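[1] coords please:
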Amino acid sequence: MKGSVVSVNISSDKGQKKHGIGAGLLIVNHGLAHDAHAGMETRQVSLLARESIEKIRAKGLDVKPGDFAENLTTTGIILHELPLGTRFRVGEAVILELTQIGKVCHDRCAIFRQVGDCVMPREGVFARVISGGDVKAGDTIRVVQ
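    As a prediction, the model looks like this:
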């Protein structure tokens with residue numbers, strides 16, 4: 001099973017949309033360098049499939065990669081259907097391990113308030129960095145375990 005990275009995204013503060021940076025560095029047991037969410041124990045990197053974003057676009061909202069605060073926007077793999085512990089190879093060197101599917105949304109985000117739905121709490125996934133390295137838009141992402 002394989003797909004690709006559509007966008008690499010960071011933010012300087014928690015609770016805000018992320019912006020695309022083209023490429024970044026994933027650090028073992030830390031996350032994406034310079035991102036506000038890096039360093040969390042099991043939620044070091046957040047991923048959301050473009051296919052999930054398209055569900056919200058279909059409801060009439062103009063959203064793009066990073067708007068759901070995901071670090072990596074992907075395509076080609078339905079991430080939230082994979083079991084915990086699944087490992088992905090991103091590019092040549094990076095290995096991520098799926099640690100959480102979805103999240104509790106304590107405060108309804110702006111997207112939820114606008115369209116009455118948000119996919120990140122159901123379809124966003126989180127991973128820890130097993131093997132670090134560079135990641136960029138266009139990299140292949142494949143399930144390895």
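[2] And the residue nearest to residue 28 when sequence neighbours are not counted, its phi and psi?
    Excluding the flanking residues, the one nearest residue 28 by Cβ to Cβ, 6 or more residues apart in numbering is residue 132, at 4.4 Å. Glycine gets a C-beta too; all of them are placed from N, C-alpha and C. The phi and psi values for residue 132, taken as degrees, to the nearest 10, are phi -90, psi 180.
[3] can you pull the pLDDT of residue 132?
    Residue 132 carries a pLDDT score of 98 in this model.
[4] Tell me the spacing between it and residue 50.
    Going from residue 132 to residue 50 by Cβ to Cβ, to the nearest Å gives 24 Å.
[5] what comes up buried for the top helix by length along the chain?
    Ranked by residue count, the top helix of the chain under DSSP state H comes out as helix 50-57. Residues of helix 50-57 classed as buried by neighbour count (16 or more other Cβ atoms under 10 Å): 50-53, 56.
[6] Show the residue spans covered by the strands in the protein.
    Secondary structure of the chain by DSSP state E: the strands cover 2-10, 19-20, 23-27, 31-32, 45-49, 72-75, 87-90, 94-101, 125-131, 133-136, 140-143.
[7] As TSV, these with distance to residue 38 and mean neighbour count would be great.
    Listed next are the strands of the chain as TSV, based on distance: least, Cβ to Cβ, whole Å; neighbours: other Cβ atoms under 10 Å:
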stretch	distance to residue 38	mean neighbour count
strand 2-10	9	21
strand 19-20	15	15
strand 23-27	7	19
strand 31-32	3	26
strand 45-49	8	26
strand 72-75	13	24
strand 87-90	16	22
strand 94-101	13	20
strand 125-131	9	22
strand 133-136	13	17
strand 140-143	19	17
